[in-house]
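**Q** Show me how the following folds:
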Amino acid sequence: MPVTLIYAFRNVLARKGSTAVTMIGVAVSVLVFVVMSATAKGISRIALSTGSPRNVLVTSEGAASAEISYLEARSIQQLGLASDIAQDASGDPIASVEFLMTRAIRRTQREGPDAEGRFITYRGVTPRAFEVHDGVRLASGTYPREPGQVLVGTLLARKLGIGIGTELWMDSERAVVAGTIEAPGQVFAGEIWADLADLRSQLGRTGASAVVVRVADRASAQDVAEALETSPNLGVSARPEREYYREIQRLSAPFASIAAFVGFIMGLGAVLAGTNTLYAAMSRRTRELGTLRALGFGRWFVAGTLLLESVLVSLLGGLIGLGAASGTDGFTLNLVGLSFELVIDQTAIWQGIGLSMLIGVAGGVLPARSALRLRIIEALRHA
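**A** Residues are numbered from 1 along each chain as shown. Now for the predicted structure:
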């Protein structure tokens with residue numbers, strides 16, 4: 001092992017207190033950066049893979065998302081009369097009427113801060129949903145046949161460890177899992193689906209949040225959306241389903257920017273802490289460094305040792321941060337109306353390592369520069 005590395009490593013171990021403070025700062029910086037970057041990638045990944053090119057999503061006029069939309073029953077009936085919507089063999093329009101909301105679910109009836117729960121997208125549907133949403137199928141169990149029965153996406157079921165017959169609670173309302181739905185790579189895998197009529201009965205509503213309609217071919221999706229939106233009788237907003245999810249995907253851009261900004265700010269704090277630590281250490285070790293120079297070690301050896309110490313401390317802190325970030329791998333989130341898994345992949349790991357090393361170099365460059373200018377005689381005279 002090179003002498004420089006051995007010397008730097010021993011000095012790092014000799015300053016346990018200051019080393020620990022710097023390592024914690026770097027660890028937090030890397031943790032926040034990696035997790036927030038993974039969040040942005042998760043939103044982008046799931047949004048880009050959801051939706052069919054043959055679907056048009058219809059919401060109330062001016063609604064930015066389906067969760068804040070509400071279509072009256074009259075508007076829904078009029079949508080079914082539109083001539084541009086594809087029809088099945090019986091002549092009925094192929095359309096999925098859906099009610100979307102975000103609800104807090106728990107595994108126990110008990111409410112309170114100690115009751116484990118999470119916010120999940122809750123979607124009221126009819127059996128038509130399986131015809132309209134490509135790639136979605138019933139993985140196990142049956143479609144809800146009784147009030148209070150629900151379907152759970154396989155992603156959510158796996159994360160929460162729930163299956164057929166499991167009881168779930170939303171406020172004081174009880175639901176029983178009747179089956180699971182599979183939707184690889186799509187938002188539906190992290191949702192709960194209930195029968196639309198049952199959900200309407202619970203809420204005392206007759207309308208819906210959105211209607212997803214199937215068109216004859218993908219080329220006509222945009223034309224159908226424009227025709228529905230400009231219809232004077234409907235008063236709705238309509239857009240191709242994939243375009244709707246692309247708009248949501250664009251909302252992930254701020255997450256990436258925030259991740260970079262927060263990582264930079266926290267990293268700057270770690271840089272300052274590391275720089276102060278090394279300056280303080282250098283002040284205490286001036287005679288030691290001067291002795292090394294007198295023994296024949298060059299100025300670049302001394303400067304390189306300080307820089308290497310900074311990089312070692314930052315790298316150790318970065319590894320701690322990556323270890324904490326890896327604990328979130330596979331964690332299910334629900335943001336901007338999308339349910340998805342956090343994925344801490346090799347790219348994220350290398351980015352975290354790169355950030356920690358960058359912090360180490362930035363924190364050690366000024367003390368190393370000072371060491372280059374160190375004069376042997378003055379250093380040996382230092383008290």
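**Q** Same question for the longest strand seen in the chain: list its buried residues.
**A** With secondary structure taken from DSSP state E, the chain has its longest strand at strand 95-106. Using 16 or more other Cβ atoms under 10 Å as the test for burial, strand 95-106 gives 95, 96, 97, 98, 99, 100, 101, 103, 105, 106. C-beta: built from backbone N, CA, C; applies to glycine.
**Q** Equivalent analysis for stretch 53-65, please.
**A** Buried residues in stretch 53-65 (16+ other Cβ under 10 Å): 54, 55, 56, 57, 58, 59, 60, 63, 65.
**Q** my guess is the fourth one is in a strand, correct?
**A** Yes: under DSSP: H, G, I helix; E, B strand; the rest coil, residue 57 sits within a strand.
**Q** related to what we said a few turns ago, relative to strand 95-106, how tilted is whichever helix or strand comes after the longest strand of the chain?
**A** Where DSSP states H and E defines the elements, the next helix or strand beyond strand 95-106 is strand 117-125. Interaxial angle, strand 117-125 versus strand 95-106 (axes from the mean of the first three to the mean of the last three Cα atoms, to 10 degrees): 160 degrees.
**Q** gap between strand 117-125 and the chain center?
**A** Strand 117-125 sits 17 Å away from the centroid of its parent chain (Cα atoms, centre = their mean, to the nearest Å).
**Q** CA atoms only for the longest strand of the chain - export them in PDB, please.
**A** Only the C-alpha atoms of strand 95-106 are listed here, as PDB (Å, rounded to 0.1, in the frame of the first residue of the first chain):
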ATOM      1  CA  ALA A  95     -65.300   3.700 -22.300                       C
ATOM      2  CA  SER A  96     -64.200   3.400 -18.700                       C
ATOM      3  CA  VAL A  97     -66.000   5.700 -16.300                       C
ATOM      4  CA  GLU A  98     -63.700   6.300 -13.300                       C
ATOM      5  CA  PHE A  99     -63.700   8.100  -9.900                       C
ATOM      6  CA  LEU A 100     -60.200   9.000  -8.600                       C
ATOM      7  CA  MET A 101     -59.200  10.100  -5.200                       C
ATOM      8  CA  THR A 102     -56.300   9.800  -2.700                       C
ATOM      9  CA  ARG A 103     -57.200   8.000   0.500                       C
ATOM     10  CA  ALA A 104     -55.200   7.100   3.600                       C
ATOM     11  CA  ILE A 105     -55.400   3.300   4.100                       C
ATOM     12  CA  ARG A 106     -54.400   1.300   7.200                       C
END
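**Q** what's that strand packed up against?
**A** strand 117-125, helix 129-132, strand 167-170, helix 196-203, strand 210-214 (3 or more Cβ pairs under 8 Å, 6 or more residues apart in numbering; DSSP states H and E).
**Q** Indicate which one of these is closest to residue 87.
**A** Nearest to residue 87, of all the helices and strands packed on strand 95-106, is strand 210-214, at 9.1 Å by Cβ to Cβ.
**Q** Quick one, which of the buried residues of strand 95-106 has the minimum pLDDT?
**A** In terms of pLDDT, the lowest of the buried residues of strand 95-106 is residue 106, showing 80.
**Q** Please name the bridge partners of that one.
**A** Assessed by DSSP bridges, residue 106 has beta-bridge partners residue 117, residue 169.
**Q** Show me where the stretch 1-150 of the chain has its strands.
**A** Assigned by DSSP state E, counting those that start in this stretch, the strands in the stretch 1-150 of the chain fall at 55-60, 95-106, 117-125, 137-141, 149-153.
**Q** In a markdown table: the ones you listed, plus distance to residue 228.
**A** Formatted as a markdown table, the strands of the stretch 1-150 of the chain follow (distance: least, Cβ to Cβ, whole Å):
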| stretch | distance to residue 228 |
| --- | --- |
| strand 55-60 | 6 |
| strand 95-106 | 11 |
| strand 117-125 | 20 |
| strand 137-141 | 28 |
| strand 149-153 | 28 |
